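> Sequence below, structure please.
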Amino acid sequence: MKVYLLHQDRDFDVAADLPPGHQDLIQDLELTTLLRAMAAGDKFLIEVSAKALLASLQDPEAIRYRQRVLADCLAQPDVIREMYAVAVGALEDKRHLWGYGGSYQTPPSNLSGAVRYLEAYVARLRQLRKIADDHAGNFRSDGMRALFATLQRELDDGYFEEISYHLKQLRFRGGVLISAELDRDNSGINFALREPGEARRRWTERLGIGPRTTYSFTLAPRDEAGGQILEDLTSRGINLVANAAAQSADHIGSYFTMLRTELGFYVSCLNLADRLAAKGVPITVPDPEQPSALTFSCTDLRDACLELQSPDPVVGNDVQADGKSLVIITGANSGGKSTFLRSVGVAQLMMQCGLFVTAGSYRADAARGIFTHFIREEDPGMTSGRLDNELWRMSAIADHIGPHCLMLFNESFAGTNEREGSEIGHQVVRALLDAQIKVFFVTHRFNFADRFHRRHARSTLFLRAERHPDGRRNYKLAVKEPLPTSFGEDLYYRLGAWLEEDETFTPAAVGAAPDGEVDQDSPDRPASGIAAGPPDAPRTG
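Next up, the predicted model:
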């Protein structure tokens, strides 16, 4: 039997390697928050969720297959959790029996252990069959209907009658009956295990009035050598059936392992849906397109990880970037630029693993790979500068990235001055675009953004984080050309304006200083994307 809930024609490969750059994805997009919400304290679920989330599907139809299964799970959550509990219980039964029975090294002990496993598994299979009988009609997806049909077809009444009969026979409560032949040297050959019924003697023989067909002998209580010989003969006779029973137990155990794994992903999705529903966060089924399509549009797109962290509502964004290979996001410091970038990366990963996304609507092409290049803190070991580290990480990405991938930059190449940083960024982005790679780039570099605005405006979407005249942020992005300032003076005054003001100092000078941008990842910045008051109001989040 096969599960096939994550793929239409194959099992989910838990042992597969994670894609290159997955550590950066986890760190830059703050995926640990999402994975913990999906796991709800279950260590196994966090491993399954991470595998499924990071091993992105690239075929839109494969994504839709999971989406349909997930829709069934969201409609019947109690049934899914009950089936998951059965799979978990079956594996717990095995661990309990292993701890009770110890290790199995001889055919009799192997057979005894396999029979105990099979008896426990059969009880769990009966539970699955009952769930299928009770609820199969309530499911609509191809994956769930195929699973229930397999359970009802393979686990019919005849199957349970037959396996119960064989397990009873394998207990050998009436002793082990083995036939053998003698070789030329009188050694035993052709040992064969017989059914216990074949050992029944006729009533005339048992009364001693008929011809004898069987002979017996009794070992002396202290005949250790004879006992060992008899044990060896028994082992040779039951070796094949012991191996067959052990293989059967392993086969059923593997089925429960895969059932637990694949159902575990959907249980994680249910956990996440419950967390988001409790806060009133909108979710939607995304619409995946082919990797070659330049498609991206969303309404009310929110950063799922920020939603899970913040007690306050998170502001969403509406973006229409179909046909655009480059999206450049500029604007006010702490205006929601990085939050939007993370929301794109997280939503893309959620879509490509078959999940819903935190948005009113979401449509995008399925990327063949997702990579991030976010600003990092200075190397505390002083073995390299920030720019060295940025270029080294970009070189590592270049070794793996290819056509129809998605690249997310956040304040990249900021470890040098305006002119050099802009030039490096321009050359890197142009090389990626020439390789048919879609790019989202958050930057304070006006020269970088303006150069693309002047030369590549038709293929580029320019978004700007808005700022009210009084300095307040609404965390909304608008389609507007880049400005030569990021309004860094707003943060300067919010933090207390510790410099002595004189005639040579003006707030505009702070905003325009190319190398004096305020680091938006500073621990003192307000939580980007959360509704906030005036600059002097207390920060939220």
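> C-alpha from now on. contacts and neighbour counts both.
Fine.
> tell me which helix or strand of this structure sits lowest on mean pLDDT?
helix 507-512 (a mean of 40; mean pLDDT, DSSP states H and E).
> Strands along the stretch 101-250 of the chain, start to end?
177-182, 188-194 (DSSP state E, counting those that start in this stretch).
> Gly335 falls within a helix, correct?
No: counting by DSSP: H, G, I helix; E, B strand; the rest coil, Gly335 falls outside a helix, being coil.
> Do I have it right that it meets His468?
No: contact criterion CA atoms under 8 Å: Gly335 and His468 do not qualify, at 10.6 Å.
> So for those two, which residues contact both of them?
Asn474 (CA atoms under 8 Å, 6 or more residues apart in numbering).
> out of those two, which sits in the more crowded spot?
Set side by side, Gly335 and His468 show more neighbours around Gly335, with 28 against 10, by other CA atoms under 10 Å.
> Restrict stretch 51-65 to CA atoms and write it as CSV.
Provided in CSV are the C-alpha atoms of stretch 51-65 (Å, rounded to 0.1, in the frame of the first residue of the first chain):
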residue,chain,number,x,y,z
LYS,A,51,11.6,19.4,4.6
ALA,A,52,8.4,20.1,2.8
LEU,A,53,8.7,23.9,3.1
LEU,A,54,12.3,24.1,1.8
ALA,A,55,12.1,21.4,-0.9
SER,A,56,9.9,23.5,-3.1
LEU,A,57,7.8,22.0,-5.8
GLN,A,58,8.3,23.5,-9.3
ASP,A,59,5.4,21.9,-11.2
PRO,A,60,2.2,24.0,-10.8
GLU,A,61,0.0,20.8,-11.1
ALA,A,62,2.0,19.1,-8.4
ILE,A,63,1.4,22.2,-6.2
ARG,A,64,-2.4,22.0,-7.0
TYR,A,65,-2.4,18.3,-6.1
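> can you pull the buried residues of it?
Neighbour-count burial for stretch 51-65, counted by 16 or more other CA atoms under 10 Å, picks out 51-60, 62-65.
> What mean pLDDT does it get?
Averaging pLDDT along stretch 51-65 gives 95.
> Secondary structure element for Thr372, which one?
strand 370-374 (DSSP states H and E).
> Just give me how far that strand sits from the chain centre.
18 Å (CA atoms, centre = their mean, to the nearest Å).
> which residues are in contact with that strand?
Contacts for strand 370-374 (CA under 8 Å, 6+ apart): 21, 24-25, 28, 345, 390, 393-394, 397, 401, 405-412.
> Filter the residues you listed down to the ones in helices?
24-25, 28, 345, 390, 393-394, 397 (DSSP state H).
> Of the residues you listed, which is the nearest to Ile80?
Gly345 (28.6 Å; CA to CA).
> Please look at that closest one and Leu31 and confirm they touch.
No: the pair Gly345 / Leu31 is not scored as a contact, 9.9 Å apart, by CA under 8 Å.
> hang on, Arg473 in a helix?
No: counting by three-state DSSP, Arg473 falls outside a helix, being coil.
> Which SSE is immediately downstream of the lengthiest helix in the chain?
Across the chain, the longest stretch assigned as helix under DSSP H is helix 224-279. For helix 224-279, the succeeding helix or strand toward the C-terminus, using DSSP H and E, is strand 287-289.
> Stretch 278-289: how far from the chain's middle?
That offset, for stretch 278-289, works out to 18 Å (CA atoms, centre = their mean).
> Any regions of the chain where pLDDT drops low?
98-105, 172-179, 191-217, 219, 223, 226-239, 378-384, 471, 485-541 (pLDDT under 70).
> one step back: and the strand holding Thr372, which strands flank it?
Partners of strand 370-374 in the sheet, by DSSP bridges, are strand 406-410 (parallel).
> which residues touch stretch 351-360?
52-58, 63-67, 70, 269, 281-286, 288, 298-304, 316, 347, 350, 366.
> Now do it: distance to the chain's middle.
Worked out by CA atoms, centre = their mean, stretch 351-360 lies 13 Å from the chain centre.
> Stretch 449-458 too?
Using CA atoms, centre = their mean, the offset of stretch 449-458 from its chain centre is 38 Å.
> before we move on, what about stretch 329-348?
23 Å.
> first to last residue in it, what's the distance?
18 Å (CA to CA, to the nearest Å).
> begin at 380 from here
Got it, the first residue is 380 from now on, which makes the last one we talked about stretch 708-727.
> Now stretch 469-478: buried residues?
469-470, 472-473.
> what comes into contact with it?
492, 495-496, 499-500, 503, 632, 635-636.
> Kindly report the same for stretch 503-520.
In contact with stretch 503-520 (CA under 8 Å, 6+ apart) are residues 444, 447-448, 450-451, 455, 458, 462, 465-466, 468-469, 524, 527-528, 530-531, 534.
> rerun that using 6 Å as the cut-off
For stretch 503-520, contacts defined as CA atoms under 6 Å, 6 or more residues apart in numbering pick out 447-448, 451, 527, 530.
> Check stretch 672-690 too.
Here stretch 672-690 has contacts from 412-413, 695-702, 722, 737-744, 920, using CA under 6 Å, 6+ apart.
> So what would you say the end-to-end distance of it is?
Termini of stretch 672-690 sit 37 Å apart (CA to CA).
> Against Met730, how distant is the nearest residue to Ala738 once chain neighbours are set aside?
In space, and not counting its chain neighbours, Ala738 is closest to Leu680: 4.2 Å by CA to CA, 6 or more residues apart in numbering. The spacing between Leu680 and Met730, counted by CA to CA, is 13 Å.
> and what of Phe527?
26 Å.
> Equivalent analysis for Ser689, please.
With CA to CA as the criterion, Ser689 and Met730 are 22 Å apart.
> who has more neighbours, the two?
Between Ser689 and Met730, counted using other CA under 10 Å, Met730 has the larger neighbour count: 29 against 15.
> relative to strand 785-789, how tilted is the one helix or strand that one maps to?
Per DSSP H and E, Met730 falls inside helix 716-731. Using axes from the mean of the first three to the mean of the last three CA atoms, to 10 degrees, the inter-axis angle of helix 716-731 relative to strand 785-789 is 160 degrees.
> Break down the stretch 780-920 of the chain into its strands, ranges please.
With DSSP E, counting those that start in this stretch as the criterion, the stretch 780-920 of the chain has strands spanning 785-789, 817-821, 839-844, 856-858.
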